[in-house]
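K.L.:
3D model of this:
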Amino acid sequence: MINAKKTCIRHNWQRADDEAALQAYLTGLSKKEADKIAQSRGIEVNSFWMRVQNFKALATNGKHGLSNYSNKSKKVWEAYKKGSDPNDTE
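P.N.:
Okay, the predicted model is just below:
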């Protein structure tokens, strides 16, 4: 009998991953375009798209998007809002 349970490898999100998701949100990339970015970074496509939606929630004070964002994502968003380059490292 084949075990149908799918093994899920958790992605260890880096600041650069959040910055890529923020840029995808800011530029209005389609899901298909965002999927290409996710694949190039080794991130599961739905996980990356959810992160893009986290930035939508941050931008709309939780009215749209997915509001269960990480502290890392919030820091990247706050840096962007303050006008600092989101690609700068901490």
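
K.L.:
buried stuff in stretch 73-82?
P.N.:
By neighbour count with 16 or more other C-beta atoms under 10 Å, stretch 73-82 contains the buried residues 73, 76-77, 79-80. Just so you know, the C-beta spots here come from the backbone N, C-alpha and C atoms, and that holds for glycine as well.

K.L.:
same thing with stretch 24-38?
P.N.:
Neighbour count says stretch 24-38 has 24-25, 29, 34-35, 37-38 buried, by 16+ other C-beta under 10 Å.

K.L.:
tell me the centre residue of this structure?
P.N.:
R51 (2.8 Å; C-alpha atoms, centre = their mean).

K.L.:
okay, that residue: pLDDT?
P.N.:
As predicted, R51 sits at a pLDDT of 97.

K.L.:
low-confidence ranges in the protein?
P.N.:
For the chain, applying pLDDT under 70 flags the ranges 1-8, 84-90.

K.L.:
which residues in it form helices?
P.N.:
Assigned by DSSP state H, the helices in the chain fall at 15-26, 31-41, 45-59, 71-81.

K.L.:
let's have those helices in TSV, adding distance to I9.
P.N.:
Compiled in TSV, the helices of the chain are given as follows (distance: least, C-beta to C-beta, whole Å):
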stretch	distance to I9
helix 15-26	15
helix 31-41	14
helix 45-59	11
helix 71-81	19
